[in-house]
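Q: This is a predicted model, with the sequence first.
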2 protein chains.
Amino acid sequence: METILLALATLDTPAALIDLPRMQHNIERMQKRMDAFGVRFRPHVKTSKCAPVACAQLAAGAQGITVSTLKEASQFYADGITDILYAVGMTPGKLPQVLALRRRGCNLKIITDSVASAMAIAAFGNEQDEVFEVWIEIDSDGHRSGIKPDDPALLEVGRALHGSGMVLGGVMTHAGSSYDFDTPEALCAVAEQERLACVHAAERLRAAHLPCPVVSIGSTPTALSAERLDGVTEVRAGVYVFFDLVMHNVGVCTANDIALSVLTTVIGHQVEKGWAIVDAGWMAMSRDRGTQNQKRDFGYGQVCNLQGEILPGYLLSGANQEHGILSREGTPDLDIATQFPVGTQLRILPNHACATGAQFPEYHAVSENGEISTWERIHGW
Amino acid sequence: METILLALATLDTPAALIDLPRMQHNIERMQKRMDAFGVRFRPHVKTSKCAPVACAQLAAGAQGITVSTLKEASQFYADGITDILYAVGMTPGKLPQVLALRRRGCNLKIITDSVASAMAIAAFGNEQDEVFEVWIEIDSDGHRSGIKPDDPALLEVGRALHGSGMVLGGVMTHAGSSYDFDTPEALCAVAEQERLACVHAAERLRAAHLPCPVVSIGSTPTALSAERLDGVTEVRAGVYVFFDLVMHNVGVCTANDIALSVLTTVIGHQVEKGWAIVDAGWMAMSRDRGTQNQKRDFGYGQVCNLQGEILPGYLLSGANQEHGILSREGTPDLDIATQFPVGTQLRILPNHACATGAQFPEYHAVSENGEISTWERIHGW
């Protein structure tokens, strides 16, 4: 621990730290669960956007990755990962980029949820003599995109793709609404709803003599709560790799599982208010206030000491661009300047790891023996 | 306009657009106002973090810049800007970086609001044989950092700096609470409070035979609302260069002054809900919901057509990482798929320009004649 503290003291703040033993534990926990179910696991790398993190997931047994942008697809392919699902609905303007990646050898799969898009994909594929692999996005909970499993459009989309020579690779869904629950019973129910919706869509396609090899579902809460995965061939999840305070409130991790934190330095005080001012504002933490409407509101983050131990009751209660306001819940800590003098280094656990990570060009990955590696992450589109 | 539309059609989405005629108008409006008051203007470049934007501000008459990170200081100095104020309280760990920049010729000024920090700066300066220029941060509204103008600590800090051979450059404050008001009367009052606090602090220092050449105040709302600036030597402001929906609600700009928008593409629909799904989610817009508690809540942004004309009532009502939900306020637009077919390009005005800009590695600056320049921005620390 002494070695780690000395190493951290050399870093400029704010900095994004990955606790590698925690990350590895999170990766193994999910992979073991998926292995026990006998399904493939395809992590969503939009959380880390970082090649060494994705490599650790693949090394543990993951098969392929999910990405949220074509820039991720391009960069992870450059890093040697070939089996990639781009899990945002395809729009015609992005097809040339998809084509270019596939021509370079990337096994990039795309998704759609409308006849119009399916026809545009097929037309462009036929024009370019390219057989795109397309999965149909299913709406399992009404939270965003996708075709309802019972919608007649499902078969129309399937026929538009299969009938025009594209590969109809399967169906996929994401129960994003699982983030709104916080009991094991409710999470089990959402997981089962997600499974049933996707399996039902697959059965309808097959009954109509359309191929549907892949049935892909997932979100971190449902992946960790599902009691059965019959009919499912693969699961996707992203934020489990780091976890965060939102997931802690959902109930699928403890605060001590959270592998991402922001290293910050105390730069001043307002003693009569019980405030310490730190150099992690919203530019470092992100503006994500995901715990605001959950059972416990952590402000802009939970304060930990440099060792990473939680300091109960101390939160980042406010944030400007480069200033965070650190205070104690309830009665102000009028001794805060003595407790956290100027120059004190602290770690802040984030509300939402995907949003906080995105604020940084790189992570500092801290191993058990105190070695710190700088890992670049992908920014932009 | 036709040329602009053709040029925009070539961009990958989401993309951050700067409307250059609007930006230039905003720059000139502020500079003319400051010139009329006869005060120096030192723009805060944390909004754009972009050299060509800062150069346009300096070309219009600004003198020096304000930065929020030492990375900005370093990069803007590399771009040829030498007069730089780092407006976040100095912590001892960052002094070596400040020293290195000053040794390379950067006229970098730092700030403090405590005796402990002032003594640490002086000790390091004396040890390194460097005369740091330090300004004292004043708290004019209780919103964050700074010494209250009447606090005895003000003179202690002044003496700690001046008495140990550092340059006591002046006093500075930022009335961040001005963002909470939305009437000209209230904004005038906050501006006057900001001015009085800073001038009073300067007078106390001078009465104690301490130097205080600079009296620096500012925020976009107060800079645009102040009726007098007697005793003030310079003003700082940042977001005015682009403006945003928060500033529109505050009342210091119109929606048609907003120079930053996010170019996005429609990727799907949920017709029965009146939703169009676009490829600008919170990763593009940021998680900033600054209008949430203002007189008008714009969700994640105001929707405009590709020409930049506001489409009244259409907002980005929800956002996931790479998905935005576009809908009409009030009754759902059940014709939304016809109105905005897949592939339609739109522009979204952001809640908070500083936060939205930070999500992008570069801006696409669009001139009046449709030329598009790619301008890099600074990311990280």
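A: Looks like it arrived, so ask away. Numbering: from 1, shown residues only, chains lettered A, B, ... in the order given.

Q: Please compute how far the lowest-mean-pLDDT helix or strand in chain A lies from its chain's middle.
A: Lowest mean confidence among the helices and strands of chain A (mean pLDDT, DSSP states H and E): helix A:2-9, at a mean of 88. Its chain's C-alpha centre and that of helix A:2-9 lie 29 Å apart, by Cα atoms, centre = their mean, to the nearest Å.

Q: Run through the neighbouring helices and strands of it.
A: strand A:362-366 (3 or more Cβ pairs under 8 Å, 6 or more residues apart in numbering or on different chains; DSSP states H and E). For every residue, glycine as well, the C-beta is placed using N, CA and C.

Q: got the buried residues for the strand it packs on?
A: A:363, A:364, A:365, A:366 (16 or more other Cβ atoms under 10 Å in any protein chain shown).

Q: wait, does the longest helix along chain A contact chain B?
A: Scanning chain A for the helix with the most residues, using DSSP state H, yields helix A:184-207. No: looking at helix A:184-207 against chain B by Cβ under 8 Å from any Cβ of the partner chain, there are no contacts, and the closest approach is 14.9 Å.

Q: got a list of contacts for the next helix or strand after that helix?
A: For helix A:184-207, the succeeding helix or strand toward the C-terminus, using DSSP states H and E, is strand A:214-217. Applying Cβ atoms under 8 Å, 6 or more residues apart in numbering or on different chains, the contact partners of strand A:214-217 are A:42, A:85, A:135, A:140, A:169-175, A:194-195, A:198-199, A:202, A:229, A:231-236.

Q: could you redo the last one with a cut-off of 7 Å?
A: Contact with strand A:214-217 is made by A:42, A:135, A:169-173, A:194-195, A:198-199, A:202, A:231-236, as judged by Cβ atoms under 7 Å, 6 or more residues apart in numbering or on different chains.

Q: One more: stretch A:302-314?
A: A:1, A:5, A:8, A:19, A:245, A:255, A:261, A:315-316, A:326, A:328-330, A:345-349.

Q: what's the span of that stretch from first residue to last?
A: Stretch A:302-314 has an end-to-end distance of 7 Å (Cα to Cα, to the nearest Å).

Q: distance between it and the chain's centre?
A: On Cα atoms, centre = their mean, the centre of stretch A:302-314 falls 24 Å from the chain's centre.

Q: Give me the mean pLDDT for that stretch.
A: The average of the pLDDT scores along stretch A:302-314 is 97.

Q: Which positions within that stretch qualify as buried?
A: If you call a residue buried by 16+ other Cβ under 10 Å, then stretch A:302-314 has these buried ones: A:302, A:303, A:304, A:308, A:311, A:314.

Q: Tell me the buried residues in stretch A:23-43?
A: For stretch A:23-43, by 16+ other Cβ under 10 Å, it's A:23-24, A:26-27, A:30-31, A:33-34, A:37, A:39-43.

Q: Could you check stretch A:43-56 against chain B for contacts?
A: Yes: counting by Cβ under 7 Å from any Cβ of the partner chain, chain B is contacted by stretch A:43-56 at residue A:46.

Q: what mean pLDDT does that stretch have?
A: 98.

Q: for stretch A:176-188, same thing?
A: 97.

Q: same thing with stretch A:228-242?
A: 98.

Q: With stretch A:253-270 instead?
A: Rounded mean pLDDT across stretch A:253-270 is 98.

Q: Alpha carbons only: can I get it in PDB?
A: The C-alpha coordinates for stretch A:253-270 follow below in PDB (Å, rounded to 0.1, in the frame of the first residue of the first chain):
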ATOM      1  CA  CYS A 253     -22.300  -4.300  -6.600                       C
ATOM      2  CA  THR A 254     -20.900  -3.000  -3.300                       C
ATOM      3  CA  ALA A 255     -19.200   0.300  -3.100                       C
ATOM      4  CA  ASN A 256     -16.000  -1.600  -2.600                       C
ATOM      5  CA  ASP A 257     -16.300  -3.200  -6.000                       C
ATOM      6  CA  ILE A 258     -16.100   0.200  -7.800                       C
ATOM      7  CA  ALA A 259     -12.900   0.000  -9.800                       C
ATOM      8  CA  LEU A 260     -12.900   3.600 -11.200                       C
ATOM      9  CA  SER A 261     -12.200   6.600  -9.100                       C
ATOM     10  CA  VAL A 262     -11.000  10.200  -9.700                       C
ATOM     11  CA  LEU A 263      -7.800  11.200  -7.900                       C
ATOM     12  CA  THR A 264      -8.100  14.800  -6.700                       C
ATOM     13  CA  THR A 265      -6.300  17.300  -4.600                       C
ATOM     14  CA  VAL A 266      -7.700  19.700  -1.900                       C
ATOM     15  CA  ILE A 267      -7.000  23.300  -3.100                       C
ATOM     16  CA  GLY A 268      -8.800  25.300  -0.500                       C
ATOM     17  CA  HIS A 269     -11.600  25.600   2.200                       C
ATOM     18  CA  GLN A 270     -14.600  27.600   3.300                       C
END
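
Q: Which residues of chain A lie near chain B?
A: So far as Cβ under 7 Å from any Cβ goes, chain A lies against chain B at A:12, A:14, A:46, A:68-69, A:88-89, A:91-93, A:113-114, A:116-117, A:144-145, A:176, A:265, A:267-268, A:277, A:279, A:283, A:286-288, A:320-323, A:342-343, A:354-355, A:358, A:360-361, A:379-381.

Q: I am finished for the moment; much appreciated.
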